[in-house]
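In: structure of the sequence below:
(4 chains)
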4 protein chains.
Amino acid sequence: MARSDEDRGAGLAERLATTRELTLDLAEPLSDADATVQPHPDASPAKWHLAHTTWFFETFILRDHVPSYRLFDERWPYLFNSYYNGEGERHARPKRGMLSRPSLDEVRSWRLSVDAALQSALPQLPPEVLQLIELGINHEQQHQELFLTDILAAFAENPLEPAYGAADQPACYATEPLGWIDGQVGEAEIGAAGSGFAFDCERPRHKTLLAPHKIANRCVTNGEWQQFIEDGGYGTPTLWLSDGWDWINREGVDRPLYWHDDGSSFTLAGRREIDRAAPVSHVSYYEADAFARWAGARLPTDAEWETAFASADALVGNQLDRAGPALPRPGGGPFGDVWQWTGSAFLSYPGFKPETGTVGEYNGKFMSGQMVLKGASCATPRGHSRPGYRNFFPPAARWQFTGVRLARDA
Amino acid sequence: MARSDEDRGAGLAERLATTRELTLDLAEPLSDADATVQPHPDASPAKWHLAHTTWFFETFILRDHVPSYRLFDERWPYLFNSYYNGEGERHARPKRGMLSRPSLDEVRSWRLSVDAALQSALPQLPPEVLQLIELGINHEQQHQELFLTDILAAFAENPLEPAYGAADQPACYATEPLGWIDGQVGEAEIGAAGSGFAFDCERPRHKTLLAPHKIANRCVTNGEWQQFIEDGGYGTPTLWLSDGWDWINREGVDRPLYWHDDGSSFTLAGRREIDRAAPVSHVSYYEADAFARWAGARLPTDAEWETAFASADALVGNQLDRAGPALPRPGGGPFGDVWQWTGSAFLSYPGFKPETGTVGEYNGKFMSGQMVLKGASCATPRGHSRPGYRNFFPPAARWQFTGVRLARDA
Amino acid sequence: MARSDEDRGAGLAERLATTRELTLDLAEPLSDADATVQPHPDASPAKWHLAHTTWFFETFILRDHVPSYRLFDERWPYLFNSYYNGEGERHARPKRGMLSRPSLDEVRSWRLSVDAALQSALPQLPPEVLQLIELGINHEQQHQELFLTDILAAFAENPLEPAYGAADQPACYATEPLGWIDGQVGEAEIGAAGSGFAFDCERPRHKTLLAPHKIANRCVTNGEWQQFIEDGGYGTPTLWLSDGWDWINREGVDRPLYWHDDGSSFTLAGRREIDRAAPVSHVSYYEADAFARWAGARLPTDAEWETAFASADALVGNQLDRAGPALPRPGGGPFGDVWQWTGSAFLSYPGFKPETGTVGEYNGKFMSGQMVLKGASCATPRGHSRPGYRNFFPPAARWQFTGVRLARDA
Amino acid sequence: MARSDEDRGAGLAERLATTRELTLDLAEPLSDADATVQPHPDASPAKWHLAHTTWFFETFILRDHVPSYRLFDERWPYLFNSYYNGEGERHARPKRGMLSRPSLDEVRSWRLSVDAALQSALPQLPPEVLQLIELGINHEQQHQELFLTDILAAFAENPLEPAYGAADQPACYATEPLGWIDGQVGEAEIGAAGSGFAFDCERPRHKTLLAPHKIANRCVTNGEWQQFIEDGGYGTPTLWLSDGWDWINREGVDRPLYWHDDGSSFTLAGRREIDRAAPVSHVSYYEADAFARWAGARLPTDAEWETAFASADALVGNQLDRAGPALPRPGGGPFGDVWQWTGSAFLSYPGFKPETGTVGEYNGKFMSGQMVLKGASCATPRGHSRPGYRNFFPPAARWQFTGVRLARDA
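Out: Predicted coordinates for the structure are as follows:
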């Protein structure tokens, strides 16, 4: 880092402002009621995302480090703490959809008030607090993605099928043939290096061993997924993990989430014809794993993916630049369109240390029962991801933009 | 009925207009988001009540009897049919809270449009369709009461405890001593007579036999309920029906719904001190039955209640006259404050005939697993109830204004 | 009662011995393991029935009224109390199938020991304790019926389809044409009169009013039920109570319990061809009610049934005389083959008083959410039932021998 | 392998006979009813273990490779297939406790018949079928351990607390001080090498990288666990994985399974005082992980454990030699007393290939949502485990003999 601390603070202030503004832009097409609905217990209302990201800054920056600051409303932290036990009791997650108050406009006022206080305090804050702001920006970017996937889930529950926004129909596009990239073999380093921002779970950078393998040059497409369906993939038990087989039978799963049986699927741009050339999205780990077995392949490991795309430019690809209906598109690279399930469980790296203080609850306590996803999706704010990034979800989750990149032993 | 049909139509038009207007008034204090929230699967969003009552008129009057009428929106009947199988598939009841669209304002527009069409059609409609309008008015009054109890349930889920409206604190009031009225003995007639409006389940009027009994001169008060609690009523299994004992233990019930442990309770006027002189409300049949056993009494039967108050003026009492926070008050009579649980199951009267057509699904199919309640509550639109009225709810329901009047064998 | 107390005691001793012996006979074909299995939470293991009926006598007679008596095993009352809260804590009902110990033989030894103590004590017991023995006999008869329906439920869970016993194939039998008996009209008396044994819920005898009606001369047959199925009865929502429609859809019910789709059904005598002339059995109240509506009829009320068969000989009919596979047969009268659902809720008669002491928990606390059944079934010990008898089960229960007799308004 | 195939076959025949006999011995203390009870859906009845292990040999050896063989009973494979979809439909797992038939004696007869057929066929079987017998022996050993843990679970449900067998009280024993062994660093090999028997999931042997670390010289003791409890371990959310915290609160977990609050615990030898010097057992992964965090340590990885004890003699330790009540004892080494949770998810090794044919369903399809355990327990048949052995259970499972060995970064 050659920049002076002052420069750094100035850049941070701008990035903070930009990030906070994007969240407001995302809420622009929504009514107060749209922003209040909680489609299922794992998803949150749009308004809640606006409020929770604000609570994060108000709590860990303003309350903790700006002595003169007074809480905007003393009753709201109880409502908008997500899961930080260090911050005390909180409103039950499955009840977030009960909060018609505060209104969307009241939450917007809170945001503006907190933003003003942050910008005013920023020049005086010491470096370790600036790091918390950096964390807050990255935290808010995560919620921007969740905002979009949760509003998609909410609108999908409405038989009127409201569109979040309008999008062009995709241009005709021929699918690139599936090719295999030779993976790195032997000792390799993965994880976050240097002083740039990374979440605690990406550290420490460490060596790992890679067996000979190949990784696909692109993601699995909707067209290929249709072949899997037509070949009876969802009805063949030997393709499935035992838990996955139980899950598809219990839940009646026989296609990606949001697919209808008339060749269309519900998207942020409303109901659209399924684009056979675009990457399949909204599939669970169980489905990704079964598809890979059907294809005579497997999912890549966390390390295989990361080493394959360590030099790829994470800023390139179909990611989120401005508010609007995110959609996977054909022809993209590793970063964008869909997160890619790996066959690696989300566990700590050797020598992992959680952050100190309440923010130490950020990632470590979720290291159980979840699988790592790599890359970025069409709903990931550009600049948020990187090769070492470790996204994670439980194996049955599929309301995110989650897809499949194949690998195989070489 | 000495009035001419024309007079009758004119009176009906006015009552229709008044009723429809009250519903809009009830929604006045609510935001779009408030009106969208569904607090639990048995309750509905406020907006849904506005829309469903409109659907009732649009479907059974305008669509069926006004040839030139075009549906306001062809997709909405699917959303706002409640339970009429004769009207086809419908949106699942527990998912009503997912409907952020149509907005509250859109639903208001629908109401105005349907109201205009109704008033314009009314002079031409034949008597049997006027009867359906009469049914629609009574149906809408039922939903006005549900509107208030459901919004109370919704606001109770919000830790901010929003008040639906403001109400004065009750004047100091000494509880009237409990007295016993001698009940009628031997043969008696109950049920709806004559041509005035009554729901199908109130007919036919028929004879019944009454054993010697007494009925209380007033409802059980909050103060008396506190004694029941202090005496260990919720912890004494011999006071309870077996199902009731299981229910309080499974659900952790140890006081009326909305009571807090600091002597306050949540109401439509926000959190207030419990008024010891007012009738207890928001208790289930199980609790009412256990209280009665504890008091050495029992609940009255449907017929005992009806004969005791056959000559009482059902228009007198603390009922709903205009939009505002309904609250039980001390000192009332049989009609008002709280519905009163009886010990009678909601079953058909001898010779019961459901209405023909889809509206025949109105009451008959609910004659299973529910108990009859008599009287009226503070949320019942004045004029809606009568001595023969049979309200009904399952024995564990308590989000309505439900209380207790005792009886005993003589 | 002209008989002297001594005579009465002698007759009682003999009936006690006979009843106790029949229970042992019922267990004769079972292995220890057969007698341990609990097929579902509402049913009990056969061994548990043997033990619980013994616990009843040991507790309420020997322990309470024979000072010198010592409990056979001090730990067993906890295991074999059914639901008497007055007797303290007990083993959870859904866990009864965990009790591989005590063994069936140990329970048999307990039975013999208690029987000997009872017979030895009997001559000295005062009349009010003899009444408790009478209650114990009737209680044990109820468990004899449950023994058979529960073992049928247990064997039905085993893909090997074990037969409890062997039974002849029914002789060819033409179904009697359905006829209608004119019901009594106006004032009538129902309920238990005199000093003969009756359960508390059958008292007091009291007057009721009957509207003009007719009642069927026989029960609905399997052949008629097949017509109901073929006519789409299980798929027509307007035939069903709302709760019933939800229930059949949630549980996937489309035929009587134990019916297979090849025209056979599972019985205590193993899998057998369905006898079209025999009364349909193992149907719920919901199904009975829907069938009646389909047939243009309704279910009789409790009082209609009782007055219709007040003079019928309750000792005549296909009831249980000795251990063996009970089966409904064609051609029977009101008492036998199947219990008959009424349209009456199981509630207290006017002036009802539960027994004093712990046995007062016998019936009263179940007066919620259940419907009355009349008559007797092929598994009811002969002599147990009578016209005023009130059996009761929840509306979805169908593992008992429960069938349908129609009625209609006249 | 220097031994000739003939020698190998002879040794195999003897090991087969010994293994099959031990299973029968394990069932010796049980009644037919004891052997029928299923304590919870994850556990199986003792009789089912006897039958399922026999089904394995009958199906994959006799039916598939001995042309003249006729099934003992054609209906039984449906009952006793565990999870092999390749073998078709099967009895639902949670319903295994419904099978009072076939009886324990009938299952014993089946065992003897299959054993005789196996021993008679063995000399003619080709090497690849001998490998299946080897698999069957190891498979049966796994079920011997499950037999004991499942019967412990079954007896624990019985308030009479039956003891499976008698055991001496432990001699007084001072706990060895906790010490730390330096772990291997850098490149290391793990997994099964050579031609000796190993399950598919232990292969292929491959290199891995180890970061500097230390591993404890012994398991965590009951005494240490009591300190964790007294220090409020079960009430401190920051010690727990998020899923674990939800689990202990939902299930009310505040101590190891089978511990009572009087300092005793239920064991195969009945209720006994907790031995503070013995390894804690019957704790879940969630508890193990929380304990480690409380102790300032962590769980070892799969590879750390395996390299630490690669040269330990897996035949030494408190393991199962003959039928009797297995109990953890103080002072043991890595193989015996309790399986030790690792922090590694149960996933495939690089280059993993499932077996071909139906037995390929053995391990691979369970590679989701489970954690690896290493070592062996007091219920593991001696000779069954080895350093590369990978046992696995879901993180909330605790009815196995599961304990904790700590590790930490160096």
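
In: so which bits of the stretch 1-150 of chain A are right by chain B?
Out: A:31-37, A:39, A:75, A:78-79, A:91, A:95, A:97-104 (C-beta under 8 Å from any C-beta of the partner chain). (Glycine included, C-beta is placed from N, CA and C.)

In: ok, residue A:53 to residue D:219 distance?
Out: 45 Å (C-beta to C-beta, to the nearest Å).

In: can you check residue A:231 too?
Out: 49 Å.

In: how far off centre is the worst-scoring helix or strand of chain A on mean pLDDT?
Out: Ranked by mean pLDDT, DSSP states H and E, the weakest helix or strand in chain A is helix A:5-27, scoring a mean of 88. Computed by C-alpha atoms, centre = their mean, to the nearest Å, the chain-centroid distance of helix A:5-27 equals 20 Å.

In: what helix or strand is residue A:175 on?
Out: Residue A:175 belongs to no helix or strand when elements are defined using DSSP states H and E.

In: so which elements touch the least confident helix or strand of chain A?
Out: For helix A:5-27, the packing partners by 3 or more C-beta pairs under 8 Å, 6 or more residues apart in numbering or on different chains; DSSP states H and E come out as helix A:46-57, helix A:104-121, helix A:127-156.

In: and among those, the most buried is which?
Out: Stretch with highest mean neighbour count among the helices and strands packed on helix A:5-27: helix A:46-57 (a mean of 26; mean count of other C-beta atoms under 10 Å in any protein chain shown).

In: and that helix, what does it pack onto?
Out: By 3+ C-beta pairs under 8 Å, 6+ apart, helix A:46-57 packs against helix A:5-27, helix A:76-80, helix A:104-121, helix A:127-156.

In: average pLDDT across the helix or strand following it?
Out: Remark: after helix A:46-57, the chain's next helix or strand is helix A:64-65, criterion DSSP H and E. Across helix A:64-65, pLDDT averages out at 96.

In: quick one, the least confident helix or strand of chain A and helix A:46-57 angle?
Out: Helix A:5-27 runs at 160 degrees relative to helix A:46-57, counting by axes from the mean of the first three to the mean of the last three C-alpha atoms, to 10 degrees.

In: how about the contacts made by the closest residue to chain B within the stretch 101-250 of chain A?
Out: Distances between the stretch 101-250 of chain A and chain B by C-beta to the nearest C-beta are smallest at residue A:157, namely 3.8 Å. Residue A:157 makes contact with A:37, A:39, B:95, B:98 under the criterion C-beta atoms under 8 Å, 6 or more residues apart in numbering or on different chains.

In: out of the residues you listed, which are inside strands?
Out: Among those, no member falls in strands (criterion: DSSP state E).

In: so what secondary structure elements neighbour the helix or strand where residue A:340 lies?
Out: Remark: residue A:340 resides in strand A:339-345, with elements defined by DSSP H and E. The contact analysis (3+ C-beta pairs under 8 Å, 6+ apart) places strand A:339-345 against helix A:285-294, helix A:302-308, strand A:371-375, strand A:402-403.

In: which one of these lies closest to residue C:207?
Out: helix A:285-294 (66.6 Å; C-beta to C-beta).

In: for the closest one, what is the distance to the chain centroid?
Out: 20 Å.

In: thinking again about what came up before, look up phi and psi at the residue of the stretch 101-250 of chain A closest to chain B.
Out: phi -80, psi -10 (degrees, to the nearest 10).

In: what's the distance between it and chain C?
Out: Using C-beta to the nearest C-beta, to the nearest Å, residue A:157 is found at 21 Å from chain C.

In: same deal with residue A:271?
Out: For residue A:271 relative to chain C (C-beta to the nearest C-beta), the value is 28 Å.

In: ok, residue A:12 next?
Out: Taking C-beta to the nearest C-beta, one finds residue A:12 at 56 Å from chain C.

In: what's around that residue, how many residues?
Out: Residues lying near residue A:12 (other C-beta atoms under 10 Å in any protein chain shown) number 17.

In: could you do the one 5 residues further on as well?
Out: Using other C-beta under 10 Å, residue A:17 is surrounded by 13 other residues.

In: pick out the residue of the stretch 151-300 of chain A closest to chain C.
Out: residue A:252 (13.7 Å).

In: please tell me how far that residue sits from residue A:42.
Out: Residue A:252 is 18 Å from residue A:42, by C-beta to C-beta.

In: more crowded one of those two?
Out: residue A:42 (17 against 6).

In: just to revisit the earlier point, which one of the helices and strands packed on strand A:339-345 lies closest to residue A:201?
Out: Distance to residue A:201, taken as C-beta to C-beta, is lowest for strand A:371-375 among the helices and strands packed on strand A:339-345, at 9.3 Å.

In: who's sitting farthest from the centroid in chain A?
Out: residue A:68 (35.0 Å; C-alpha atoms, centre = their mean).

In: list the contacts of that residue.
Out: Applying C-beta under 8 Å, 6+ apart, no residues qualify as near residue A:68.

In: repeat that for the one 3 residues further on.
Out: For residue A:71, the set of contacting residues under the criterion of C-beta under 8 Å, 6+ apart consists of A:58, A:63, A:77.

In: please convert those to TSV, extending it with neighbour count and distance to chain C.
Out: Formatted as TSV, these follow (neighbours: other C-beta atoms under 10 Å in any protein chain shown; distance: C-beta to the nearest C-beta, whole Å):
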residue	neighbour count	distance to chain C
A:58	26	46
A:63	15	48
A:77	19	41
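
In: so residue A:80 sits against residue A:50, correct?
Out: No: checked against C-beta atoms under 8 Å, the pair residue A:80 and residue A:50 is beyond contact range at 9.2 Å.

In: sorry, back to before: would TSV of the helices and strands packed on helix A:5-27 with mean pLDDT be doable?
Out: Listed next are the helices and strands packed on helix A:5-27 as TSV, based on pLDDT from 0 to 100:
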stretch	mean pLDDT
helix A:46-57	98
helix A:104-121	98
helix A:127-156	97
